[in-house]
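Student: Okay, here's the prediction I keep looking at, along with the sequence it came from:
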Amino acid sequence: MKLLQGKVALITGASRGIGKAIAVLYAQEGCNVAFTDIKRDENMELCEKELIALGVKAIGYASNAASFEDSAKLVETVAADFGRIDILVNNAGITRDNLLMRMTEKDWDLIMDVNLKSVFNLTHACQKIMLKQRSGSIVNMSSVVGVSGNAGQSNYAATKAGIIGFTKSIAQELGSRNIRCNAVAPGFIITDMTGQLPEDVRAAWEKKIPLRRGGSPEEVAKVCVFLGSDLSSYVSGQVISVCGAMNC
Ligand code: NAI
């Protein structure tokens, strides 16, 4: 039997990158997948097709995770379309890196809304369904910089640290209802987000990593399969780094 057979997952920001890798691995493990991104474009359509080809039910939804209203409506629609939500993966995230002296209020607020408020929005909306089911697994995408900080990323690191506090609180609050909540803290993962970095910055990062390479989205997705599945039935409130020993 596949690890996620018959389960339903909702994954945010999954038309590409780490979110898409999670969606694909989940589908390979028999999971039906509802996923979102900011708009319905060719990436979303391609992702939807790839998932359906794996023999599961899969629907992509255009929904802004930073919007409380959008998120509430989305969860209602997904529940109607799929009948339940077993796993919520709060993956959507962006960067607006800058030194504090150059950081604008707009960029601070945007990162708070997209990276941190989104986790509240979706978890808030899904909890009613998970409480009724008396089961659920919530996986929140943090980052190693949420633990260690990073010069030039104070806004981003603050949201990723905030996600860890939120994760541990929800694990304590909803544990008695058999709802688990964990965070994943990827290190340097090769995606469109990090692909924009200049070659020398990328090389400098890789030098600092004991495994001497950036990780792949699939390597993060494998940990999300573990956390979404019953293999992790007694794991909650934890932060699991996927960073090639960069943060240890
Ligand atoms: P990516 O930029 O390749 O993919 C992110 C996806 O989220 C995009 O498809 C984007 O359109 C979508 N998105 C952005 N804002 C959204 C919104 N408001 N509502 C719905 N969807 C939205 O990024 P990547 O690298 O795949 O990152 C995924 C997550 O992993 C993010 O939370 C990121 O902070 C985190 N992460 C990434 C690392 C890396 O090295 N790539 C390292 C640590 C954490």
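Tutor: Alright, I've got the coordinates.

Student: buried ones in the longest helix anywhere in the chain?
Tutor: Longest helix of the chain, by residue count under DSSP state H: helix 154-174. Within helix 154-174, the residues scored as buried using 16 or more other CB atoms under 10 Å are 154-164, 166-168, 170-171, 174. C-beta coordinates here come from the backbone N, C-alpha and C atoms, glycine included.

Student: Tell me the residues of the protein that contact the ligand?
Tutor: 12-13, 15-19, 36-38, 64-66, 91-94, 114, 141, 143, 186, 188-189, 191-194 (CB under 6 Å from any ligand atom).

Student: Would you agree residue 143 is in contact with residue 162?
Tutor: No. Using CB atoms under 8 Å, residue 143 makes no contact with residue 162, being 11.3 Å away.

Student: Return the distance of the lowest-mean-pLDDT helix or strand in the chain from the chain's centre.
Tutor: Ranked by mean pLDDT, DSSP states H and E, the weakest helix or strand in the chain is helix 192-195, scoring a mean of 80. Offset of helix 192-195 from its chain centre (CA atoms, centre = their mean, to the nearest Å): 16 Å.

Student: contacts for it?
Tutor: 16, 17, 94, 95, 188, 202, 214 (CB atoms under 8 Å, 6 or more residues apart in numbering).

Student: what number of residues lie near the nearest residue to the second one once chain neighbours are set aside?
Tutor: In this structure, residue 17 finds its nearest non-sequential neighbour in residue 191, 4.0 Å apart by CB to CB, 6 or more residues apart in numbering. Residues lying near residue 191 (other CB atoms under 10 Å) number 20.

Student: need the strands for the chain, in chain order.
Tutor: 8-11, 32-37, 58-62, 87-90, 136-141, 179-186, 239-242 (DSSP state E).

Student: Mind exporting the C-alpha coordinates of the last one to PDB?
Tutor: Output for strand 239-242, consisting of C-alpha atoms alone and laid out as PDB, is shown next (Å, rounded to 0.1, in the frame of the first residue of the first chain):
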ATOM      1  CA  VAL A 239      11.200  21.500  13.000                       C
ATOM      2  CA  ILE A 240      12.900  19.200  10.600                       C
ATOM      3  CA  SER A 241      15.900  20.700   8.700                       C
ATOM      4  CA  VAL A 242      16.600  19.600   5.200                       C
END
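
Student: Who does it pair with, and is each partner parallel or antiparallel?
Tutor: Next to strand 239-242 in the sheet, as set by DSSP bridges, lie strand 179-186 (parallel).

Student: ok and the partner strand relative to strand 136-141, angle-wise?
Tutor: 20 degrees (axes from the mean of the first three to the mean of the last three CA atoms, to 10 degrees).
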